[in-house]
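J.: got a sequence here, can you model it:
(one chain, ligands or ions: 1)
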Amino acid sequence: MNKFTDSLESELKALETKGNLRQLPHIRHEGREVVVNGQRMLNLSSNDYLGLASDRKLINDFLRTLRNEEVLFSSSSSRLLTGNFSIYEELEEQLASLYGAESALVFGSGYHTNSGILPAIANTRTLILADKLVHASLIDGIRLSAARCIRYRHNDTMQLRRLVDEHHKSYDYIIIVTESIFSMDGDEADLTALIELKHAYSNLILYLDEAHAFGVRGPHGLGCAEEQNCISEIDFLVGTLGKAAASSGAFVICRHEIRDFLINRARTYIYTTALPPINIQWTSFILSQLKNYESKRNHLSYISQKLRKILIESGYSCPSTSQIIPIVVGSSTDAILRAEEMQRKGFYVLPVRPPTVPEGTSRIRLSLTADVTEKEIDQLINAIRE
Ligand SMILES: *Cc1c(COP(=O)(O)O)cnc(C)c1O
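T.: Now for the predicted structure:
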């Protein structure tokens, strides 16, 4: 046993030497701020894009809607056994109706959704074409599936088109897997190009992960597909509820046959305890308000644009078109130093390092939320420029 733990320890040492060792931070949350090592900082590393998760009034409004006998903290079972409370199906109907779609299915998390759907729907006669930068949960779904997978260069629709053209006759289906807003670069997939491609072939399926766009984009906050008026073209539209929706869980919007199929075949749906009823009620409460948050979305878009513009003017290359704004510095140790410097100035930003991003592209990642003020953005800009 000593030999085993020794080998783990030497691997950790190697990570530490490269500046890639991860440790859990000790954080105290105080609304929009965090306190770490006694220092209070504005939280610029949160996915609470609409600033709802720390909104005490909203939480209290929700709690007042509950009758005591409705408050349940566990579903105590998978939904296929006894965990299928009626509020689950109500939430799915609410989601389907928001999207004007046939159906929706709720999963325990975005990780469960992506790592469960792909192995369920892909077999050896399927080819998966996935963007080089897709999230780990999608990569794990691909790994668990029997399908062959080719990763195309990030957002390179020319290469994607060539791959489709080359392979479409050799497979029953080709599934194109992408995010709408990418988690690390904050840039966006070209949905128009993907849909054009889909129309040109009879066996293409589009799988779109809107984790960072749900709540944030579109007139009703439904994501980039809503913004670009193409919801019905997406075969699997995944949204997560732990980010802008200030809850937890995730969903897929799809045809009803697909929903029925996933209930039978998606292992991460079948073999896990359903989310707690109280969480489903909270999600439903938030979703019923989502359309009212347009001014939050507009503000977030405004401050994001302002920050991106200044970064570009200051000579940084900034691929982002969203609220996720990376400052790429290169080495992991530089990214750590830069993050520490920003933290000393009162901004809680974190370094992102390999394997989350490719070697040599370590960065600090700013993730803006709607409750950051324009004044704070100006202060942040000064701190970056100093
Ligand atoms: C956060 C994220 C997920 C995972 O969602 P969880 O609900 O946190 O498990 C999946 N895909 C993308 C693109 C994400 O950013």
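
J.: which parts of this structure are helices?
T.: Taking DSSP state H as the test, the helices found in the chain are 2-17, 56-65, 86-99, 110-121, 136-144, 157-167, 191-200, 224-227, 256-265, 267-270, 277-289, 294-313, 332-344, 374-385.

J.: and those as JSON lines, adding mean pLDDT?
T.: Output for the helices of the chain, formatted as JSON lines (pLDDT from 0 to 100):
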{"stretch": "helix 2-17", "mean pLDDT": "95"}
{"stretch": "helix 56-65", "mean pLDDT": "96"}
{"stretch": "helix 86-99", "mean pLDDT": "97"}
{"stretch": "helix 110-121", "mean pLDDT": "98"}
{"stretch": "helix 136-144", "mean pLDDT": "98"}
{"stretch": "helix 157-167", "mean pLDDT": "98"}
{"stretch": "helix 191-200", "mean pLDDT": "98"}
{"stretch": "helix 224-227", "mean pLDDT": "98"}
{"stretch": "helix 256-265", "mean pLDDT": "98"}
{"stretch": "helix 267-270", "mean pLDDT": "98"}
{"stretch": "helix 277-289", "mean pLDDT": "97"}
{"stretch": "helix 294-313", "mean pLDDT": "97"}
{"stretch": "helix 332-344", "mean pLDDT": "94"}
{"stretch": "helix 374-385", "mean pLDDT": "94"}
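
J.: who wins for proximity to the ligand among these?
T.: helix 110-121 (2.2 Å; Cβ to the nearest ligand atom). To be clear about C-beta, it is placed using only N, CA and C from the backbone, and glycine gets the same treatment.

J.: run the angle between that closest one and helix 256-265 for me.
T.: Orientation note: helix 110-121 sits at an angle of 100 degrees relative to helix 256-265 (axes from the mean of the first three to the mean of the last three Cα atoms, to 10 degrees).

J.: quick one: helix 110-121 near the ligand?
T.: Yes - legend: contact between helix 110-121 and the ligand by Cβ under 6 Å from any ligand atom is shown at 110, 111, 114.

J.: neighbour-wise, which of those leads?
T.: When neighbours are counted by other Cβ atoms under 10 Å, residue 114 leads the residues of helix 110-121 next to the ligand with 29 neighbours.

J.: is it true that it touches residue 137?
T.: Yes - assessed by Cβ atoms under 8 Å, residue 114 is found in contact with residue 137 at 3.9 Å.

J.: what sits against residue 234?
T.: Each residue near residue 234 by Cβ atoms under 8 Å, 6 or more residues apart in numbering is listed here: 206, 207, 208, 225, 253.

J.: most neighbours, which of these?
T.: residue 253 leads the contacts of residue 234 on contacts (other Cβ under 10 Å) with 30 neighbours.

J.: so what's the residue count around the residue nearest to that residue when sequence neighbours are not counted?
T.: Leaving out its chain neighbours, the residue that sits closest to residue 253 by Cβ to Cβ, 6 or more residues apart in numbering is residue 237, at 4.2 Å. Using other Cβ under 10 Å, residue 237 has 28 other residues around it.

J.: so which residues on the stretch 1-150 of the chain come close to the ligand?
T.: Where proximity means Cβ under 6 Å from any ligand atom, the interface of the stretch 1-150 of the chain facing the ligand comprises 109, 110, 111, 114, 135, 137.

J.: still on that earlier bit, of the contacts of residue 234, closest to the ligand?
T.: Of all the contacts of residue 234, the ligand sits closest to residue 208, with 10.2 Å by Cβ to the nearest ligand atom.

J.: excluding chain neighbours, what is closest to the closest one?
T.: Distance criterion Cβ to Cβ, 6+ apart; nearest residue to residue 208, sequence neighbours excluded, is residue 234 at 4.9 Å.
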